[in-house]
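J.: Provided below for reference: sequence and predicted model.
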Amino acid sequence: MKITRVDAIPFAIPYRKPLRFASGEVHAAEHVLVRVHTDDGIVGIAEAPPRPFTYGETQAGIVAVIESIFAPQVVGLSLLDRETAHTRLGRTVGNPTAKSAVDMAIWDALGQSLDVSVTELLGGYTDRMRVSHMLGFDEPAAMVAEAEKMRDAYGITTFKVKVGRRPVSLDTAVVRALREGLGPAVELYVDGNRGWTAAESARAMKEMADLGLLFAEELCPADDVLGRRWLVGQLDVPFIADESAVTPADVTREVLGGSATAVSIKTARTGFTRSQRTHHLAEGLGLEVVMGNQIDGQLGSLCTVAFGAAYALTSRRAGELSNFLDMSDDLLAEPLCIADGELAVRPGAGLGAAIDPDKLRHYRRDR
């Protein structure tokens with residue numbers, strides 16, 4: 001079970017339409033496929049989605065740091081040496097999705113080697129999660145139509161609505177249209193990607209006070225320490241720390257400082273090893289947890305459901321597991337299937353995923 005090689009393969013798959021939100025705009029999934037090879041012939045896989053406007057990583061940077069720094073640090077280790085691998089990767093500052101993809105590929109290879117699923121290795125609480133779908137910026141009628149399509153075609157009844165535009169009425173009108181169009185049974189929550197000030201956020205939440213929102217996420221920047229604390233103190237729904245709480249230490253700071261009352265766990269940026277730490281911390285602090293999405297492809301979404309289904313806390317709420325539906329294609333040999341509003345963990349060892357070699361050959365950017 002010794003690691004013999006690590007590959008980092010850049011690829012690009014267009015989205016059916018651009019995804020727009022307060023912190024940026026994405027036209028294609030310019031991700032990196034990471035493969036961890038062992039001396040037993042096992043190959044673990046994971047996906048690294050760069051988000052330069054959030055974490056500063058680029059596709060080229062992910063490939064470079066894995067090939068030049070991370071691969072040499074883990075080659076020769078046993079798949080069981082996960083803490084050693086985590087410590088070595090942690091010596092390099094930043095690069096969260098590059099580290100996470102290497103970490104998750106190691107877990108996938110370990111599961112395959114032991115003939116058990118990653119979900120079972122992590123905790124094995126359940127084998128599926130309810131799905132939440134993210135709605136990016138658009139006109140109210142178009143966003144309602146997209147939500148209706150997701151509900152009717154896939155049974156999805158939880159929606160994360162991107163907000164953060166000015167004036168705030170642009171977005172509060174959308175959320176009101178969604179509530180009126182979809183009815184009271186659908187779950188809605190909002191994510192500002194730090195687009196508003198604390199005062200704008202407070203005004204927007206008052207305008208939406210009658211809409212029965214589940215959560216509010218990153219409405220204003222965490223750097224506005226006093227403003228965010230003031231905002232969170234007056235809300236009657238949990239305030240999710242997302243990009244402001246990437247590490248367990250960040251979560252501790254935000255929660256104990258009064259700047260958040262819930263947390264988003266994204267395996268794309270914390271892998272399985274660090275996500276475990278965040279989960280256990282959240283459980284100890286009594287926090288709500290949502291499994292988030294970094295605009296992942298199908299492999300990334302499979303990683304998210306594998307982790308989220310492993311624990312009672314992370315499987316309690318709908319996870320953000322559907323944004324691969326916005327992609328025009330994917331690398332998986334067997335596409336994921338959302339049915340009755342749920343996404344199931346793949347049966348089989350590890351993540352239960354296989355890459356289609358023809359699709360990889362078509363979409364990779366290094367040849």
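T.: Cool, got the structure.
J.: how about the strands in this protein?
T.: 3-21, 24-38, 43-48, 128-135, 158-162, 187-191, 216-217, 239-241, 262-265, 288-291, 319-320, 342-344 (DSSP state E).
J.: Val116 and Leu122, how far apart?
T.: To Leu122, Val116 is 10 Å away according to C-beta to C-beta, to the nearest Å. C-beta coordinates here come from the backbone N, C-alpha and C atoms, glycine included.
J.: and the two? Which one has more around it.
T.: Leu122 (22 against 15; other C-beta atoms under 10 Å).
J.: from memory the more buried one sits against His280, does it?
T.: No. At 11.5 Å, Leu122 does not count as touching His280 under the criterion of C-beta atoms under 8 Å.
J.: so what sits against both of these two?
T.: When contacts are counted by C-beta atoms under 8 Å, 6 or more residues apart in numbering, Leu122 and His280 have no shared neighbour.
J.: burial of Glu83, as a residue count?
T.: Quick note: Glu83 (other C-beta under 10 Å) scores 9 neighbours.
J.: what touches both of Val116 and Leu122?
T.: Joint contacts of Val116 and Leu122 (C-beta under 8 Å, 6+ apart) do not exist.
J.: I'd say Met327 and Lys17 touch.
T.: No. With contacts counted by C-beta under 8 Å, Met327 stays clear of Lys17, the gap being 10.5 Å.
J.: ok, those two, which is more surrounded?
T.: Met327 (19 against 13).
J.: spit out the contact partners of the more buried one.
T.: Neighbours of Met327 in contact, by C-beta under 8 Å, 6+ apart: Ile13, Pro14, Tyr15, Arg16, Ala29, Gly297, Gln298.
J.: for it, name its beta-bridge partners.
T.: Tyr15 (DSSP bridges).
J.: gap between it and Glu146?
T.: Counting by C-beta to C-beta, the gap from Met327 to Glu146 is 15 Å.
J.: you'd agree Asp224 is up against Thr197?
T.: Yes. Using C-beta under 8 Å, Asp224 makes contact with Thr197 at a distance of 7.2 Å.
J.: specify the residue ranges that define each domain of the protein.
T.: The chain breaks down into these domains under automatic domain parsing: 3-115+356-363, 120-344.
J.: centre of the chain to the last one, how far?
T.: Mean C-alpha position of domain 120-344 versus that of the full chain (C-alpha atoms, centre = their mean, to the nearest Å) differs by 9 Å.
J.: about what we covered before: mind giving me JSON lines with the strands of the chain and columns for distance to Val74 and mean pLDDT?
T.: Listed next are those as JSON lines, based on distance: least, C-beta to C-beta, whole Å; pLDDT from 0 to 100:
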{"stretch": "strand 3-21", "distance to Val74": "5", "mean pLDDT": "92"}
{"stretch": "strand 24-38", "distance to Val74": "8", "mean pLDDT": "93"}
{"stretch": "strand 43-48", "distance to Val74": "11", "mean pLDDT": "98"}
{"stretch": "strand 128-135", "distance to Val74": "29", "mean pLDDT": "97"}
{"stretch": "strand 158-162", "distance to Val74": "34", "mean pLDDT": "97"}
{"stretch": "strand 187-191", "distance to Val74": "34", "mean pLDDT": "98"}
{"stretch": "strand 216-217", "distance to Val74": "33", "mean pLDDT": "98"}
{"stretch": "strand 239-241", "distance to Val74": "30", "mean pLDDT": "98"}
{"stretch": "strand 262-265", "distance to Val74": "23", "mean pLDDT": "98"}
{"stretch": "strand 288-291", "distance to Val74": "26", "mean pLDDT": "98"}
{"stretch": "strand 319-320", "distance to Val74": "28", "mean pLDDT": "98"}
{"stretch": "strand 342-344", "distance to Val74": "30", "mean pLDDT": "98"}
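J.: how about CSV for the ones you listed, with distance to Val305 added?
T.: Below are the strands of the chain laid out as CSV (distance: least, C-beta to C-beta, whole Å):
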stretch, distance to Val305
strand 3-21, 20
strand 24-38, 18
strand 43-48, 13
strand 128-135, 5
strand 158-162, 14
strand 187-191, 18
strand 216-217, 20
strand 239-241, 19
strand 262-265, 12
strand 288-291, 8
strand 319-320, 6
strand 342-344, 5
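J.: residue ranges with poor pLDDT in the chain?
T.: 22-23 (pLDDT under 70).
J.: cutoff 80 now
T.: Applying pLDDT under 80 to the chain picks out residues 20-24.
J.: where is the longest helix in it?
T.: Ranked by number of residues, the top helix in the chain under DSSP state H is helix 96-114.
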